[in-house]
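1. need a 3D model of the sequence below.
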Amino acid sequence: MCGICGIFNYGSHEPVGTDLLQAMNDTLRHRGPNDEGCYTDGNIGLAMRRLSIIDIGGGKQPIHNEDRTIWIVFNGEIFNYPELKRNLVRKGHTFYTHSDTETIVHLYEEHGDDCVNFLRGMFAFALWDGPSRTLLLARDRVGIKPLFYSDTGKGELLFASEPKALLASPKVSRDMDLQGLDAYFAYGYIPAPLSIYKSIRKLPAGHVMKIGQSGSSIRKYWDLYFRPEHGKPESYFEGKFEEIFSEAVKMRLISEVPLGAFLSGGVDSGLVVAYMAEAMNGTPHTFSVGFSGNVGGYLDERPYAWMVAERYRCEHRELLVEPRVETILDDIVDSFDEPFADDSVIPSYYICEASRRDLTVALTGLGGDELFAGYERYLGFRISLLYDYLPSILSKGILAPIIDGLPELKNGHYTVNHLKRFVRASHLPLPERYARYVTMLNSDERARLYHPDIAETIDYRATEELMTGYFRADDNALDPLDKMFYQDIKTYLPEDILALTDRIGMRHSMELRVPFTDHVLMEMCATIPAEMKMKRMRKKAMLKHIASAKLPRPVLSHRKQGFASPMAQWLKTDMKSFSDDLLSCGGKDNGGILRKSEIRVMIADHMQGRELNDKRIFALIMFQKWFGSH
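-> The predicted model follows:
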């Protein structure tokens, strides 16, 4: 696990400045505190910071091939590298390290750009081909590892694991991308290829970028295709899942440093620990998090985590978080270099901070919801298909006005909020309906939030297309549920959940591994009919059936919470003064971008229980913190 960066003056022969390359690399020290390295050859420069996991003594990067004509800097882990290495040695390749990174340079010698097709793992890398004077950038299939780049427009391209390394160059503009801003207030994160900066883009998951003297090109090398095999029984799919998931977990136990797991008390993380315990010789180390303060209707899942830990004789520890989150927000903002508003970043930050004292690598259960219909919005969407059959006078004339006028629950539960979102989107076509389910502020609400001069410049339709474009992909899923899974796997999973996992883990110099995102597993799960995943309005029906043999019954049946925070209640109590000072009572300057009158209404509606606006308010907080620091 590393941080990588580099400069390629593809439009000229101007040598790369080593001072700038070093400055870029220094910003990534947290990603790799154990080692650093660089390589320059005229107009190309590669650099990296290393967190040593495999081949601690000999895996120093950049790594080269036998005749030093091909060089690579690499971030991630290739879990099938022992098999790849054996095959390459048989073909005559000579290895000088025991690291997984070196397999890529020899694969490139054999297969060129298609080397990515052989890799099973998480990765972002930059590979320099000296003879052809070309640079290959690649990001793993699902987007577990990030890769940002900036073309200065003068024949110079910079790349890095985080925007902060790019911003170390005075040639990379800090001007805000208003489309990126709009995407942020729509979804709480900024989907690829956008970023908050006009000058910086994200390489999308499953893509490679090739840069030569004539310019650059980007191509997709992998996609997930939903092709349900309806003629096969559930037992067939359950058997395949157990076979591949067991292998995926076992692969992710490869490590020369302390390794453990995050245990939320839910099915996904419980299954990871169950398979982990079966594959390990020693005792699994597990960690959980809970919250103190006024948490309202927040469900503390620590008792369920203890049930799993006791069943598998784990060495289990738990952390109790106090709601003084304002003390860590600056650190979180600095981790992302752009606004990011998923409040599960708070427990994730604390659990990484606490577990880093004992672990360098941790497995998590992220990704299971997208594969097996675990989110409430999937259930709501399925119900909406039935709701369509109700007479309009009943659905629109009677039910919708009643539900829309309901006050939010005082305990912070999202039940009424989900009902409101359901009826407000029920009249829309399916792609726009699901887009509305995942949208934090719709286009009208965002337009009111922005200063009028800014509101006029934004293409709201383009922001919506960041989601609906995947839902409408005609060559992919046919079942509406599969279309939702596909959209989330291409957007929410890589640029929210996995971005959070990478940035917060690396902030604490930790590597987080996610077995559910193993691409072989995901391809198999895409063949499971949707009706087996959600059965009789029961989310995760198949996965829970599989888990019933491995997890205590209460873990399967309790209300899902996961690594979320009680933000709705905190904003009314423990965080109220902080929020007021930052946003509403005069507040800090936001450059005239947002209208404070709209912010005050949003806060008042939340405080008085008319709307559950915690996600919107937290998004405003994180934007304000970012704006004040960038």
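
2. so is Leu137 in a helix, a strand, or just coil?
-> Following DSSP: H, G, I helix; E, B strand; the rest coil, the label given to Leu137 is strand.

3. and it, what are its bridge partners?
-> In this entry, Leu137 is beta-bridged to Ala126, Met209, by DSSP bridges.

4. and it, how far from Ile489?
-> Computed as C-beta to C-beta, to the nearest Å, the Leu137 to Ile489 distance reads 22 Å. All C-beta spots, glycine's among them, are computed from the backbone N, C-alpha and C.

5. now do the contacts for the closest residue to Pro193 other than its chain neighbours.
-> Among residues not flanking Pro193 along the chain, Arg201 sits closest, at 4.7 Å (C-beta to C-beta, 6 or more residues apart in numbering). Contact partners of Arg201, counting by C-beta atoms under 8 Å, 6 or more residues apart in numbering, are 148-150, 192-195.

6. which element is the residue most central in space within the chain on?
-> The residue lying closest to the centre of the chain (C-alpha atoms, centre = their mean) is Leu498, at 2.1 Å. Using DSSP states H and E, Leu498 sits within helix 498-507.

7. ok, now His230?
-> Per DSSP H and E: His230 is located in neither a helix nor a strand.

8. what does Ala261 give?
-> Using DSSP H and E, Ala261 falls in strand 259-262.

9. likewise for His106?
-> Following DSSP H and E, one finds His106 within helix 101-111.

10. tell me what that helix is packed against?
-> Counting contacts by 3 or more C-beta pairs under 8 Å, 6 or more residues apart in numbering; DSSP states H and E, helix 101-111 packs against strand 63-64, strand 70-78, helix 81-90, strand 121-129.

11. returning to what we had before: next structured bit after the helix holding Leu498?
-> Downstream of helix 498-507, the first helix or strand assigned by DSSP H and E is strand 511-513.

12. what lines up beside that following strand in the sheet?
-> Paired strands of strand 511-513, with direction, are strand 361-363 (parallel) (DSSP bridges).

13. quick one: residues in contact with the very next helix or strand once past the strand it pairs with.
-> Next in sequence after strand 361-363, counting helices and strands by DSSP H and E, comes helix 368-372. Helix 368-372 is contacted from outside by 267-268, 271, 374-375, 485, 488-489, 492-493, 516, 521-522, 525, 533, 539-540, 542-543, using C-beta under 8 Å, 6+ apart.

14. what does the pLDDT read for the residue nearest to the centre of the chain?
-> Turning to Leu498, the model gives it a pLDDT of 97.

15. please parse the chain into its domains.
-> 2-220, 242-371+490-557 (automatic domain parsing).

16. so what's Asp331 up against?
-> Taking C-beta under 8 Å, 6+ apart, we find Asp331 in contact with 349, 507.

17. at 10 Å instead, please
-> With contact set as C-beta atoms under 10 Å, 6 or more residues apart in numbering, Asp331 has these partners: 349, 353, 504, 507-508.

18. please apply the same query to Ala619.
-> 184-189, 339-343, 440-441, 602, 613.

19. in a strand, Ile4, correct?
-> Yes - remark: Ile4 belongs to a strand, assigned using three-state DSSP.

20. what is the burial count for it?
-> Ile4 has 32 neighbouring residues, counting by other C-beta atoms under 10 Å.

21. sorry, back to before: point out the other helices and strands that the helix holding Leu498 packs with.
-> Counting contacts by 3 or more C-beta pairs under 10 Å, 6 or more residues apart in numbering; DSSP states H and E, helix 498-507 is packed against strand 70-78, strand 121-129, helix 329-336, helix 345-355, strand 361-363, strand 511-513.
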